[in-house]
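[1] sequence and predicted structure below; questions after.
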Amino acid sequence: MKALSNLAQSVRASTTLAIDTQFNKMRSEGIDVIGFSVGQPDFPTPEHIKQAGIRAIQENLTKYTPTPGTPAVRKAVADRLDADWGLDYTPEEIVVSGGGKPILYVALKTLIDPGDEVILPAPYWVSYYELIKMVGGVPVVVTTTEENGFNLTPEQLQAAITPKTKALMLNSPSNPTGMIYSREHLEDIAKVCLDNDLYVIADEMYSKLVFDNKEFVSFPTLSKEIKARTILVGGASKTYAMTGWRIGFAAASKEIVQVMSNYLSHSLSGTCSIAQAAATEAFSGSQDEIEVMRQAFETRRNYLYERMSAIPGVHPVRPEATFYMLMNLDQLIGKTLYGDVIHDADDFARVFLREGLVAVVPCTGFGAPNYVRWSFAVSMENIKEGMDRLEKFLKNA
Ligand code: GLU
C-alpha cells in the first residue's frame, strides 16, 4: 500500500485532549485522580442559553443553515464586539464555525500558501503549531521569557521576519501563560506588522476572563489599518461555559470572510443549527453570569497562586487572565523523582500523575518544556486537594 500523507502523518495529537483522555480512563478504572488538564469551565451553560437551544429543537430549527452562520448569530456576534470593545464589524464580516479550532484552521488556510512563515510566540497553545503545519505553513517560534511577562517584544518580532513571513499569531490573553499585552505593547507590535505588511490572527478567546481590573485591549481596535489586516478569533466556549456546543467565530474584512466561507462550504459546511441558536442568545442575552464565573476564577487563581508560591521546588507564574496557571519546574530539571529522572515537563507530568494522582498538562508541546499548566476551571475543593497532593508529592520524593 502507498504511504499515508506525509503532511498528515507529521501532525501530533493534541496534548491537552490526550491528557484528558488518560485522566478520564484512570477515573473510570476507579483511581482517585484529580484533573487540572483540559481547559473548560466547570460551570453549566447558563439556563437562558440552554433554553434557547431547547426552543430551537422544539421550533424545528433543525435544517441546514448558511455556511458562515445564521443571520441572527452573525449579527449577535457583531453587536457583541461593538458592545464589548467598540468594534465596528457588519454581520457580513463575521463567520461562525464549530469551535475555535476550525476557525483558526480556515483562517490559516485563507492566508497561508505552502512555505509561508507564521511567527508564533512561545509559550503557545499546542494546537497553533500543528495547525500552521497542517496548512503547509512554517511555524517560526520566537521564545519569550517569564521575566518579560511572556510578551513578544517588537524587537523579537522584527528579528524573526523574513521575505516569507505572512502572519503573526497573537494570543492575548494567552493560553497557557494567562498573560495580557498592554495597549502600549500592542501598539508597538502593530507598527512592526504594518511596516512589514503582515497579517495578524488575534485569538482573543479568553478576553472576558480578565483579573485585577486589568485593561484588555482588543487588537483590531488599535486602528483601521490594523483592523483591515487582522482576523479576530473568539468563541462561546470559555465565556459562556459552552465548550461542548462548539461555537467559534472570526471577524475580519468582507473579502477574508468570503474566502473563509467558500472554504468552509466544501469542508465543514454550516454549524449545528441548535448550537447557533443557543449562541445567539449567549452573545445577545444577559451577560450577568460571565461576571459570576469570572469572579470565581479570580478567587481560585488567588488561592492557587498563594498555595503554590509556598511550596519549595516549584514556582507559579501569576496569570492576569484565563483559567490557566503555569508552574515553573527549573529547580526540578535533572533531579530524580520516584526513580525517574526529570528531563522536562513530560517526565514531571507522567510521574506526578503516577505517584501524585494529579493530571496537569506538560507544556513541552506548548514550546515551554520547563513548565506544566494547571487549569483552575475546577472546583475550589479540587484545587485545595491538588495543592495538598503537590506538597506531599514533592516532600516525599
Ligand atoms: N483549549 C482548551 C485547552 O487548552 C481545550 C482543549 C483543547 O482544545 O486543546 O485545554
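    Ah, there it is.

[2] near the ligand, which residues of the protein?
    Contact residues, the chain versus the ligand (CB under 6 Å from any ligand atom): 14, 16-17, 38-40, 125, 127, 175. (C-beta placed from N, C-alpha, C; glycine too.)

[3] so which residue is smack in the middle of this structure?
    By CA atoms, centre = their mean, the chain has its centre lying nearest to residue 175, at 4.8 Å.

[4] hang on, the earlier thing: any chance of TSV for the residues of the chain next to the ligand, columns pLDDT and secondary structure?
    Below are the residues of the chain next to the ligand laid out as TSV (pLDDT from 0 to 100; DSSP: H, G, I helix; E, B strand; the rest coil):
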residue	pLDDT	secondary structure
14	87	coil
16	84	helix
17	85	helix
38	87	coil
39	91	coil
40	93	coil
125	97	coil
127	96	helix
175	98	coil
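
[5] report the buried members of those residues.
    Neighbour-count burial within those applies to 14, 16, 38-40, 125, 127, 175; the criterion is 16 or more other CB atoms under 10 Å.

[6] redo these as a markdown table? Include distance to residue 237.
    Putting those into a markdown table (distance: CB to CB, whole Å) gives the following:
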| residue | distance to residue 237 |
| --- | --- |
| 14 | 15 |
| 16 | 13 |
| 38 | 11 |
| 39 | 9 |
| 40 | 7 |
| 125 | 13 |
| 127 | 13 |
| 175 | 12 |
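
[7] any idea of the pLDDT on residue 15?
    On the pLDDT scale, residue 15 is placed at 82.

[8] check the spacing between it and residue 366 real quick.
    In this view, residue 15 and residue 366 are 8 Å apart by CB to CB, to the nearest Å.

[9] and the two? which has more neighbours close in?
    residue 366 (26 against 21; other CB atoms under 10 Å).

[10] who are the contact partners of the more buried one?
    By CB atoms under 8 Å, 6 or more residues apart in numbering, the residues touching residue 366 are 15, 122-126, 176, 373.

[11] distance of it from residue 152?
    Residue 366 sits 15 Å away from residue 152, going by CB to CB.

[12] remind me, longest helix of this protein?
    In the chain, assigned by DSSP state H, the helix with the most residues is helix 288-309.

[13] how far is that one from where the chain is centred?
    Relative to its parent chain, helix 288-309 has a centroid offset of 18 Å by CA atoms, centre = their mean, to the nearest Å.

[14] let's have the chain start at 30 instead
    Sure, I'll start counting at 30 from here, so that last one is helix 317-338.

[15] packing partners of the very next helix or strand once past that helix?
    Remark: after helix 317-338, the chain's next helix or strand is strand 344-346, criterion DSSP states H and E. With contacts taken as 3 or more CB pairs under 8 Å, 6 or more residues apart in numbering; DSSP states H and E, strand 344-346 sits against helix 317-338, strand 353-357.

[16] now render these as JSON lines, adding mean pLDDT.
    As requested, those are exported to JSON lines (pLDDT from 0 to 100):
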{"stretch": "helix 317-338", "mean pLDDT": "98"}
{"stretch": "strand 353-357", "mean pLDDT": "98"}
